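Asks: Quick one: sequence plus predicted model below, questions after.
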Amino acid sequence: DGGITQSPKYLFRKEGQNVTLSCEQNLNHDAMYWYRQDPGQGLRLIYYSQIVNDFQKGDIAEGYSVSREKKESFPLTVTSAQKNPTAFYLCASAQGQASNQPQHFGDGTRLSIL
Amino acid sequence: GDSVTQMEGPVTLSEEAFLTINCTYTATGYPSLFWYVQYPGEGLQLLLKATKADDKGSNKGFEATYRKETTSFHLEKGSVQVSDSAVYFCALSYGGSQGNLIFGKGTKLSVKP
């Protein structure tokens, strides 16, 4: 079955540590996105990528980094510069740039601070 | 800037009750509109969409009509079930070079048997 796989499901970060969240898709989608979800806040865009080897900052990119070396993979690193990383992180992908293309979401990674 | 406003929850209904979740948007152009649903501990699933004014999206008994004149996209269902308990998100997108979704804050629905 085609879909988006995020791992791990739960992740704990120690003070000063960088952690990387995995996102893999086998939908052959060009566009991929990372969102952060906080209670009562809805989803906010961290980074997005429309094509391999290219990515752009979203609304809350500070303290995060990404790479897009392969079409199917878009890992997110939460760096020690992100002072409030506790949240639910969602990865999504979409077929193209048309406005009517829905995004497909993974099941998320919940990040907590030790 | 563009934004989406949803009615605040939580919304608690009895099984077989009628559901309305209000969603209004502010947009500088002509976006597509979406409803997504999130079950506990999971990611978001597309529930329905509408791409232009007066379009009606429907799926699993849920409906929403793209109303340009009132900038609204209210979600309705005639008879809810316990299994509909979830968080519902209204969102808009222009596509294009960014293509991201702009979300409302979500409305939590609880359906009691």
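Replies: That came through, no problem. Numbering: from 1, shown residues only, chains lettered A, B, ... in the order given.
Asks: what's next to stretch A:6-20, contact-wise?
Replies: A:21-23, A:75-80, A:85, A:89-91, A:106-114, B:43 (Cβ atoms under 8 Å, 6 or more residues apart in numbering or on different chains). From N, CA and C alone the C-beta is placed, and that goes for glycine too.
Asks: Which positions within that stretch qualify as buried?
Replies: A:6, A:11, A:13, A:19 (16 or more other Cβ atoms under 10 Å in any protein chain shown).
Asks: One more: stretch B:60-70?
Replies: B:62-67.
Asks: And it, how far out from the chain middle?
Replies: From the chain centre to the centre of stretch B:60-70 is a distance of 9 Å (Cα atoms, centre = their mean, to the nearest Å).
Asks: wait, does that stretch contact chain A?
Replies: No. Shown here: stretch B:60-70 not in contact with chain A (Cβ under 8 Å from any Cβ of the partner chain), separated by at least 11.4 Å.
Asks: how close does whichever residue of chain B sits closest to chain A get to A:L114?
Replies: Proximity of chain B to chain A (Cβ to the nearest Cβ) peaks at B:G95, 3.3 Å away. Plainly put, B:G95 is 40 Å away from A:L114 if you go by Cβ to Cβ, to the nearest Å.
Asks: out of these two, which sits in the more crowded spot?
Replies: B:G95 (18 against 7; other Cβ atoms under 10 Å in any protein chain shown).
Asks: residue contacts, that one?
Replies: A:96-101, B:32.
Asks: Could you export those residues as a markdown table, including neighbour count and distance to B:G104?
Replies: Output for those, formatted as a markdown table (neighbours: other Cβ atoms under 10 Å in any protein chain shown; distance: Cβ to Cβ, whole Å):
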| residue | neighbour count | distance to B:G104 |
| --- | --- | --- |
| A:G96 | 12 | 24 |
| A:Q97 | 15 | 23 |
| A:A98 | 14 | 22 |
| A:S99 | 18 | 17 |
| A:N100 | 16 | 19 |
| A:Q101 | 20 | 20 |
| B:S32 | 22 | 15 |
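Asks: could you dump these to a markdown table with secondary structure and pLDDT?
Replies: Formatted as a markdown table, the contacts of B:G95 follow (DSSP: H, G, I helix; E, B strand; the rest coil; pLDDT from 0 to 100):
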| residue | secondary structure | pLDDT |
| --- | --- | --- |
| A:G96 | coil | 76 |
| A:Q97 | coil | 71 |
| A:A98 | coil | 71 |
| A:S99 | coil | 68 |
| A:N100 | coil | 73 |
| A:Q101 | coil | 80 |
| B:S32 | strand | 92 |
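Asks: about what we covered before: in TSV, list the buried residues of stretch B:60-70 along with secondary structure and pLDDT.
Replies: Shown next, in TSV, are those (three-state DSSP; pLDDT from 0 to 100):
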residue	secondary structure	pLDDT
B:F62	strand	98
B:E63	strand	98
B:A64	strand	98
B:T65	strand	97
B:Y66	coil	97
B:R67	strand	96
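Asks: Understood, closing this out.
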